[in-house]
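Student: I would like the atomic coordinates for the input below:
(one chain, ligands or ions: 1)
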Amino acid sequence: MPSKKALVRRPSPRLAEGLVTHIEREKVDVDRAVEQWEAYTEALRTHGWETVEVDPADDCPDSVFVEDTVVMYKNVALITRPGARSRRAETIGVEEAVAALGCSVNWIWEPGTLDGGDVLKVGDTIYVGRGGRTNAAGVQQVRAAFEPLGARVVAVPVSKVLHLKSAVTALPDGTVIGHIPKIDRPALFPRFLSVPEEAGGHVVLLGGHKLLISASAPKTAELLADLGHDPVVVDISEFEKLEGCVTCLSVRMRELYA
Ligand SMILES: NC(=O)NCCC[C@H](N)C(=O)O
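Tutor: Numbering: from 1, shown residues only. Model prediction:
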C-alpha cells in the first residue's frame with residue numbers, strides 16, 4: 001500500500017565523536033548540525049513525507065545516520081547488524097519504531113554485518129555493497145530475506161568510500177548516478193550517468209521529479225535540472241564531515257501495509 005513516511009533520528013549531543021574512516025577528521029559544530037537536521041526533516045515534510053522520529057540514542061554518536069540500521073523492502077524491515085561495533089546499539093530503538101509502524105521485522109545475524117548505506121534499491125533490483133561495513137554473510141542474508149519476496153540481489157564491490165550509497169544512488173527513471181573516481185565497477189550498472197561531484201552521487205527521491213541533493217554538489221544539481229529533474233537543495237555540511245550524505249539521514253517507507 002503506498003505510504004509516505006520517513007524515519008529520522010535526532011542527532012546525539014555526542015555527534016562530534018562520530019566515526020570517520022575515509023576522510024580527515026574536521027571539527028563538527030553540533031548546534032549547526034541540529035539546525036541542518038531540522039531543515040532536512042522540514043524539506044521531507046514540505047514534499048509530502050510524514051517524518052517519524054525514532055527515539056533518540058544520545059549515547060550513540062552516529063545514531064542520526066538512521067539509514068544504516070534498517071533496510072525496507074515492501075513491508076519488511078530488515079534490521080541490520082552494523083559493521084562498526086560502536087553502532088550496534090543503534091538498532092534497538094529502530095526495531096521498536098518499525099514494529100510500531102506495522103512492519104514485518106527480520107534481522108541480520110552474526111556473522112553477518114550490513115549497513116543500510118550499502119543497500120541501493122532500483123525497482124526490484126537490490127544492489128548490496130560489499131565493503132568495509134558489509135560482509136559476504138551480510139550480502140547472503142539480504143538475498144535470503146528479500147529474494148523470496150521478488151527482489152534480485154546484485155553484490156557490488158566497494159573499496160573507495162564508506163558505503164555503496166556514498167558512491168552511487170539512482171534517479172527516478174532508474175539511472176544510477178555517481179562520481180566515477182569513487183566507484184569500483186561502474187559497468188555493473190546497466191544505465192549509468194557520471195556526475196561532476198562526489199556529493200552529486202547522492203540523491204533522495206522525494207516523489208515525481210523532485211530529488212533531495214546536498215548543497216556541496218551545485219554542478220550536479222544544475223546537470224540534473226537540465227535533464228528535467230527538480231533538485232531540492234539542503235545543506236548537510238556538518239554531517240558530511242562524518243562521511244554522511246543526504247540518504248543516510250532518513251529511511252523512506254513507501255509500502256507499509258498497516
Ligand atoms: N549511510 C551513510 O552514509 N551513513 C553515514 C555514516 C557515517 C558514520 N560516521 C559512520 O562512519 O558510520
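Student: can we go C-alpha only for contacts and neighbour counts from here?
Tutor: OK.
Student: interface residues of the stretch 51-200 of the chain facing the ligand?
Tutor: Residues of the stretch 51-200 of the chain found near the ligand (Cα under 6 Å from any ligand atom) are 62, 65, 67-68, 117, 166.
Student: now rank these by neighbours and give me the top one.
Tutor: Asp68 (30 neighbours; other Cα atoms under 10 Å).
Student: what's the closest non-adjacent residue to that one?
Tutor: With sequence-adjacent residues excluded and distances taken as Cα to Cα, 6 or more residues apart in numbering, Asp68 is closest to Gly116, at 3.8 Å.
Student: that neighbour against Arg81, yeah?
Tutor: No - in this structure Gly116 lies outside contact range of Arg81 using Cα atoms under 8 Å: 9.3 Å.
Student: how about the contacts made by the residue nearest to Asp68?
Tutor: Residues in contact with Gly116 (Cα atoms under 8 Å, 6 or more residues apart in numbering) are 67-71, 80.
Student: so which of those is the closest to Val161?
Tutor: Asp68 (14.7 Å; Cα to Cα).
Student: and that closest one, its phi and psi?
Tutor: The phi and psi values for Asp68, taken as degrees, to the nearest 10, are phi -70, psi -10.
Student: surely it and Leu120 touch.
Tutor: No - look at Asp68 against Leu120 with Cα under 8 Å: they stay out of range, at 11.7 Å.
Student: if we can go back for a sec, in JSON lines: the contacts of Gly116, plus secondary structure and pLDDT.
Tutor: Converted to JSON lines, those look like this (DSSP: H, G, I helix; E, B strand; the rest coil; pLDDT from 0 to 100):
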{"residue": "Glu67", "secondary structure": "helix", "pLDDT": "98"}
{"residue": "Asp68", "secondary structure": "helix", "pLDDT": "98"}
{"residue": "Thr69", "secondary structure": "helix", "pLDDT": "98"}
{"residue": "Val70", "secondary structure": "strand", "pLDDT": "98"}
{"residue": "Val71", "secondary structure": "strand", "pLDDT": "98"}
{"residue": "Thr80", "secondary structure": "coil", "pLDDT": "98"}
